[in-house]
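> No sequence on hand, only this structure:
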């Protein structure tokens, strides 16, 4: 994970970002119009580990208008799941960090079946609730570890 904080200089020690140049970006978003902008990727981090059922990727961009874009993507191992992207535009880098620190990844946990629980016994409902609670915990833990890496990288610069 490499972050080029607020300076305009390219990151010279980051092979994945060495080729990053100003360009056009179109971020497809679920339930919203795509976010289109001109700019440069400042950094990217991902929480992928082998055998994970899902993982997050965070991208931070600076637009040519000196605004900032934060993109949080969720990817899934299963081909039956659709990957998602959420994106926001901010005036300051501090607002980007605030969003990262307050983002609740449990909102990304998918609920399947009839949420009313019709036809389920009380033990089945409790088991489903515990399973979703565990998934929410795992999503929060994975995302907070990712944000911790980003904040550590920024602190070290």
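Structure received. Since this is a predicted model, take the numbers as computed values, not measurements.
> For the lengthiest helix in the chain, buried residues please.
Longest helix of the chain, by residue count under DSSP state H: helix 122-156. By neighbour count on 16 or more other C-beta atoms under 10 Å, the buried set for helix 122-156 is 128, 135-136, 138-140, 142-143, 146-147, 149-150, 153. (Glycine included, C-beta is placed from N, CA and C.)
> what helices or strands is that helix leaning on?
strand 2-3, strand 32-46, strand 54-63, helix 93-102 (3 or more C-beta pairs under 8 Å, 6 or more residues apart in numbering; DSSP states H and E).
> Of those, which is nearest residue 81?
Closest approach to residue 81 among the helices and strands packed on helix 122-156 (C-beta to C-beta): strand 54-63, 7.6 Å.
> so what strands line up beside that closest one?
strand 32-46 (antiparallel), strand 68-76 (antiparallel) (DSSP bridges).
> ok and it relative to helix 93-102, angle-wise?
For strand 54-63 against helix 93-102, the angle by axes from the mean of the first three to the mean of the last three C-alpha atoms, to 10 degrees is 170 degrees.
> So for residue 18, what pLDDT did the model give?
As predicted, residue 18 sits at a pLDDT of 38.
> Next: the one 3 residues further on.
Per-residue confidence at residue 21 stands at 65 (pLDDT).
> Give me the angle between the longest helix of the chain and helix 93-102.
Using the same axes, to 10 degrees: helix 122-156 against helix 93-102 is 150 degrees.
> So what sits opposite the most centrally placed residue in the chain in the bridge?
The residue lying closest to the centre of the chain (C-alpha atoms, centre = their mean) is residue 72, at 2.5 Å. Beta-bridge partners of residue 72, counted by DSSP bridges, are residue 58, residue 86.
> Contact partners for it?
The contact partners of residue 72, by C-beta atoms under 8 Å, 6 or more residues apart in numbering, come to 56-58, 85-87, 103.
> What about residue 80, how many residues nearby?
Per other C-beta atoms under 10 Å, the neighbour tally for residue 80 reads 6.
> ugh, wrong one, I meant residue 70
Residue 70 has 21 nearby residues by other C-beta under 10 Å.
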